[in-house]
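In: Only the shape, not the letters, is given here:
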């Protein structure tokens, strides 16, 4: 067998293994999210939509997921493109999610605790389940997954959430949310804040509101390390060896506090909300806060 043939066979085997792993994880994550969403009873909290009406917002070219009944035939008759009308209430009832897929989000204090990514994925999908049941359109902040309704959309979201990047830290979502929609970003926010600031400014300019949800492992708050410790990023690209880890504690905590203040400031300047949650916080408690907080940024 030639080296090229062997390489192709190895790639095929690897892709198949990855596909099988993803196929196994999809129903497990979706089932866990639905179980978590079930802890929020319908009467616990209602989504306010005060001030939203049937006001025309804009025409846009029809997409494959648009129902034929939404096509504005009078506007479409002017050319060869079919157009639909977006109305203010439809735009305001769209939510776009993003979970930081960087290697840093895969950190957990030990094998007995969930990673930051696992908690963020479960909460994001449970929130999507809740809002989809309420008739809202849910999307993911990638170019190929705009807000839609339906069970198939939840499956697409699940697949998107399970994607893992190979970079140490992420900065901002890769795609912009629809105008007038809501955005929820889950991250540890250890990446480049300049990119995040630019993203928020652009989204706000489009009339979007949102939540920045910082997900941290408890050990990232307490810094319990002592003595000789080797610190390294999840990808292994960054390493730091020290003989006195405890001597770094106060400096680390001060830098973490400054980072939190910086992210909170970005959110506040845009009228968004910022919240830090920890992987050992009961998931139902975090979900209830998220569900209620969306009303706080909907005005």
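Out: Everything's here; your move. This one's a predicted model, so the numbers in the text were calculated from it and none came from an experiment. Numbering: from 1, shown residues only.
In: Do a quick rundown of the helices in the chain.
Out: Assigned by DSSP state H, the chain shows helices spanning 3-37, 73-76, 88-92, 116-133, 151-161, 193-205, 218-222, 249-270, 283-296.
In: Can you tell me which helices and strands the second one packs against?
Out: Using 3 or more Cβ pairs under 8 Å, 6 or more residues apart in numbering; DSSP states H and E, the elements in contact with helix 73-76 are strand 83-87. C-beta: built from backbone N, CA, C; applies to glycine.
In: So for the strand it packs on, mean pLDDT?
Out: Strand 83-87 carries an average pLDDT of 64.
In: Quick one: mean pLDDT over stretch 39-59.
Out: Here the average pLDDT along stretch 39-59 is 51.
In: Next, find the distance separating the closest residue to residue 200 other than its chain neighbours from residue 225.
Out: Of all residues not flanking residue 200 in the chain, residue 270 sits nearest, at 5.0 Å (Cβ to Cβ, 6 or more residues apart in numbering). Going from residue 270 to residue 225 by Cβ to Cβ, to the nearest Å gives 35 Å.
In: the more surrounded of the two?
Out: Taking neighbours as other Cβ atoms under 10 Å, residue 270 and residue 225 compare with residue 270 leading, 19 against 16.
In: so what's that one up against?
Out: Going by Cβ atoms under 8 Å, 6 or more residues apart in numbering, residue 270 touches 200-201, 203-204, 210.
In: In CSV, list the residues you listed along with distance to residue 242.
Out: CSV is the format used below for the contacts of residue 270 (distance: Cβ to Cβ, whole Å):
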residue, distance to residue 242
200, 35
201, 38
203, 39
204, 41
210, 38
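In: Out of those, which is nearest to residue 261?
Out: residue 200 (15.6 Å; Cβ to Cβ).
In: how about the closest one, what does it touch?
Out: 210, 266-267, 270, 272.
In: Look at the residue lying closest to residue 183 once chain neighbours are set aside and say how many residues are nearby.
Out: What sits nearest to residue 183 in space, not counting adjacent residues and going by Cβ to Cβ, 6+ apart, is residue 210, at 3.5 Å. Residue 210 has 25 neighbouring residues, counting by other Cβ under 10 Å.
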